[in-house]
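> how does the following fold in three dimensions:
(chains A and B)
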There are 2 protein chains.
Amino acid sequence: MTAAFQAATAVRLLAADEGGRWRYRGEIAEGWDIGGVANGGYVLAMTARAMATAAGRPPVSITAHYLTPGRPGAVAIEVDAVRIGGRLATLTASLRQGEGGGDPEILRVMGIFGTFPADDAPLLTTAPPPDLPPFDDPDLPLRRMVPVMEHSGLPDRLDIRLRPGDEGFATGRPAGRPEVAGWFALADQQPGERLDAFGVLLAADAFYPPIFNSGLTPTTWVPTLQLTVHLRAEPVPGPLAARFRTDVALGGLLGEDGDLWDSAGRLVAQSRQLALMPR
Amino acid sequence: MTAAFQAATAVRLLAADEGGRWRYRGEIAEGWDIGGVANGGYVLAMTARAMATAAGRPPVSITAHYLTPGRPGAVAIEVDAVRIGGRLATLTASLRQGEGGGDPEILRVMGIFGTFPADDAPLLTTAPPPDLPPFDDPDLPLRRMVPVMEHSGLPDRLDIRLRPGDEGFATGRPAGRPEVAGWFALADQQPGERLDAFGVLLAADAFYPPIFNSGLTPTTWVPTLQLTVHLRAEPVPGPLAARFRTDVALGGLLGEDGDLWDSAGRLVAQSRQLALMPR
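From the prediction side, this is the model:
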């Protein structure tokens, strides 16, 4: 992982109780925001890091419910054991602004942590990666993330290179289908540097919303209500290939399904979120 | 809903505390099991009913983590408010075998409850229902659910009518693709009777696992670890049309994505679960 992302998601253990409760302190850094609100993948990455540290194992499946917008500054993370088994550990966590106590809760999380036997040959995978030009191809459109809202720090942190044809939303010419694909890396990621599981969680919420390419809604903040990410493998070094789709938008809500592959073409994560329709 | 399913998922309020905690009593009925273990959709339906009663609104998004197998008998359900807003309420719940206290926890649940404006015309839906013969077509294969394990009560409760070509796994001739589609109803459901949101949650876990049609694993119990269901609309009366697919199976785990439509062809729910590979 890049040093900047490591530092921005670092957590420090304050206390571990007998009953399976851990308290951590973190800090929402400046510059991981959309219009002042910390990105949902970023705050999830920090919370998951605390949970994984408590569990002593990496995340396998994680679900976050977004409660109030996160802002830069100190945060308190409380992690509770639900069931600690030999192979799998189930934990919950709560991320609060400030020193904890009565401060607003940003995020409530539930997750499974564990280590599974590495399968070099998956039994089954029917989700092939999108057909993308090489990451270094100079003809790739939008070689860096473009801001979709003013006063957003997140675009400067990310290096998202879209699949040709998927960039139209950025200039008011959406592709007309609710899908967006491309490469995802951190802006300061060096060749040979790896995105770890927490970087994968960032990617699951920090990519462009596919609804932007539908042309049906404004191109602005899409507030996440709920996000589940299943992590399938540790990425090899390099950028991730990502594809996000919206299948359903109705009643003020939309869904967003994401698949993420490492640069070797291995599926590393699948995400699904429920979000409020942008307005 | 059918009277049998209503009775089998009924909950009774024992106490409501000031701080947003409710305690309910329920009973896991006989006969909703696979090989003695209560079906995951059934215990989720009961838990969600307690949460929806506490919230005073129906489920919108619900995530369950399965911790220990549920068995027939009394259960204690504790519901906690996370954030009660004007439109949305976020709650957690825990289902325990027995009278509560130190008894084994079966299920930990987190969910969003609320009412969204009915959209007769969805902004977007790109998930068309599977092409199924009419529910009453006498040529539909497997007109009732077939047991995949001995001593299972669940098959007698359900009326699952598979899409022609998807029934091969039941006779040792799997279709060779990890997908299964068909109609879902309760065995005692009368024409014109409706499956409510809790019946939709049952369907999300009680349909045949699509991995059965892959031919890659034994046709036996597929233990659910984690299940998320997003509910998109209240079904009209009649059976549900369902399609389940497994996209990924590796490292001892498999995913399962489900889409459910009502008999008018409206998408009513999307589910995704992480399960242990059957052995």
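
> what pLDDT does the nearest residue in space to residue A:35 that is not next to it in sequence get?
Distances taken as Cβ to Cβ, 6 or more residues apart in numbering or on different chains place residue A:149 nearest to residue A:35, at 4.3 Å, with adjacent residues excluded. C-beta coordinates here come from the backbone N, C-alpha and C atoms, glycine included. We have a pLDDT of 75 for residue A:149.

> could you do residue A:120 as well?
Residue A:120 is assigned a pLDDT of 59 by the prediction.

> same question, the one 4 residues further on
In this model, residue A:124 is scored at 79, pLDDT.

> kindly report the same for the one 3 residues further on.
Residue A:127 carries a pLDDT score of 75 in this model.

> ok, back up a step: ok so the residue nearest to residue A:35 is a strand residue?
No. Counting by DSSP: H, G, I helix; E, B strand; the rest coil, one finds residue A:149 to be coil, located in no strand.

> right, and it touches residue A:34 too?
Yes. Counting by Cβ atoms under 8 Å, residue A:34 is a contact partner of residue A:149 at 5.6 Å.

> the two: which has the busier surroundings?
Counted by other Cβ atoms under 10 Å in any protein chain shown, residue A:149 and residue A:34 do not tie: residue A:34 has more neighbours, with 23 against 16.

> which ones are touching that one?
By Cβ atoms under 8 Å, 6 or more residues apart in numbering or on different chains, residue A:34 lies in contact with A:148, A:149, A:152, A:154, A:221.

> rebuild those residues as a markdown table, extending it with distance to residue A:28.
Formatted as a markdown table, those follow (distance: Cβ to Cβ, whole Å):
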| residue | distance to residue A:28 |
| --- | --- |
| A:148 | 21 |
| A:149 | 18 |
| A:152 | 15 |
| A:154 | 12 |
| A:221 | 17 |
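
> ok, so of those residues, who is nearest chain B?
Closest approach to chain B among the contacts of residue A:34 (Cβ to the nearest Cβ): residue A:221, at 17.3 Å.

> elements contacting whichever strand in chain A runs longest?
Longest strand of chain A, by residue count under DSSP state E: strand A:73-84. Applying 3 or more Cβ pairs under 8 Å, 6 or more residues apart in numbering or on different chains; DSSP states H and E, we find strand A:73-84 packed against strand A:21-28, helix A:40-55, strand A:88-97, strand B:105-114.

> tell me the angle it makes with strand B:88-97.
Orientation of strand A:73-84 against strand B:88-97 (axes from the mean of the first three to the mean of the last three Cα atoms, to 10 degrees) gives an angle of 30 degrees.

> give me the contact list for strand A:73-84.
For strand A:73-84, contacts defined as Cβ under 8 Å, 6+ apart pick out A:11, A:19-28, A:43, A:46-47, A:50-51, A:54-55, A:89-101, A:103, A:106, A:110, B:65, B:67-68, B:105, B:108.

> can we see that at 7 Å?
The set of residues external to strand A:73-84 that reach it, using Cβ atoms under 7 Å, 6 or more residues apart in numbering or on different chains, is A:11, A:20-28, A:47, A:50-51, A:54, A:90-100, B:67, B:105, B:108.

> any idea of the pLDDT on the most centrally placed residue in chain A?
With distances taken as Cα atoms, centre = their mean, chain A has residue A:202 as the residue nearest its mean C-alpha position (2.7 Å). Looking at residue A:202, its pLDDT stands at 98.

> do residue A:245 as well
pLDDT recorded at residue A:245 is 96.

> I'd assumed residue A:177 was in contact with it.
No. Residue A:245 is beyond contact range of residue A:177, at 8.6 Å (criterion: Cβ atoms under 7 Å).

> give me the more crowded residue out of these two.
Neighbour comparison, residue A:245 and residue A:177: the larger count goes to residue A:245, with 18 against 15 (by other Cβ under 10 Å).

> partners of the more buried one in the sheet?
Note on residue A:245: beta-bridge partners by DSSP bridges are residue A:179, residue A:257.

> got a list of what it touches?
Contacts of residue A:245 (Cβ under 7 Å, 6+ apart): A:178, A:179, A:210, A:257.

> quick revisit: find the residues that touch each one of residue A:149 and residue A:34.
Residues within reach of residue A:149 and of residue A:34 at once, by Cβ under 7 Å, 6+ apart, are residue A:221.

> quick revisit: assign the residue nearest to the centre of chain A to helix, strand or coil.
Classification of residue A:202 using three-state DSSP returns helix.

> so is stretch A:128-140 next to chain B?
No. Shown here: stretch A:128-140 not in contact with chain B (Cβ under 7 Å from any Cβ of the partner chain), separated by at least 10.3 Å.

> follow-up on the earlier one: nearest residue to the residue nearest to the centre of chain A in space, please, no chain neighbours.
Nearest residue to residue A:202, sequence neighbours excluded (Cβ to Cβ, 6+ apart): residue A:41, at 4.2 Å.

> can you pull out the strands in the stretch 101-250 of chain A?
For the stretch 101-250 of chain A, applying DSSP state E, counting those that start in this stretch gives strands covering A:105-114, A:124-125, A:158-162, A:179-186, A:224-231, A:240-245, A:248-250.

> out of those, nearest to residue B:168?
Closest approach to residue B:168 among the strands of the stretch 101-250 of chain A (Cβ to Cβ): strand A:124-125, 17.0 Å.

> parallel or antiparallel, list what pairs with that closest one.
In the sheet, strand A:124-125 lines up against strand B:248-250 (antiparallel) (DSSP bridges).

> neighbouring contacts of the strand it pairs with?
Residues from elsewhere that reach strand B:248-250 (Cβ under 7 Å, 6+ apart): A:119, A:122-125, A:127, A:232, A:267, A:270, B:211, B:254-255, B:277.

> would you turn those residues into a markdown table with distance to residue A:5?
Below are the contacts of strand B:248-250 laid out as a markdown table (distance: Cβ to Cβ, whole Å):
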| residue | distance to residue A:5 |
| --- | --- |
| A:119 | 27 |
| A:122 | 28 |
| A:123 | 32 |
| A:124 | 32 |
| A:125 | 28 |
| A:127 | 26 |
| A:232 | 21 |
| A:267 | 22 |
| A:270 | 22 |
| B:211 | 36 |
| B:254 | 30 |
| B:255 | 27 |
| B:277 | 33 |
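
> can you pick out the most distant pair from these?
Once Cβ to Cβ is applied, the contacts of strand B:248-250 give A:127 and B:277 as the farthest pair, at 17.4 Å.

> neighbour count winner among those two?
More neighbours surround residue B:277 than the other of residue A:127 and residue B:277, with 18 against 14 (other Cβ under 10 Å).

> surely the more buried one meets residue B:216?
No. Using Cβ under 7 Å, residue B:277 makes no contact with residue B:216, being 9.0 Å away.

> got the contact list for residue A:237?
A:192, A:193, A:194.

> residue B:261: which of the residues you listed is nearest?
For the contacts of residue A:237, the residue nearest residue B:261 by Cβ to Cβ is residue A:194; the value is 41.4 Å.

> tell me the pLDDT at the nearest residue to that closest one once chain neighbours are set aside?
Of all residues not flanking residue A:194 in the chain, residue A:237 sits nearest, at 4.4 Å (Cβ to Cβ, 6+ apart). Looking at residue A:237, its pLDDT is 96.

> what does residue A:271 give?
Residue A:271 is assigned a pLDDT of 98 by the prediction.

> ok, it to residue A:245 distance?
Residue A:271 sits 11 Å away from residue A:245, going by Cβ to Cβ, to the nearest Å.
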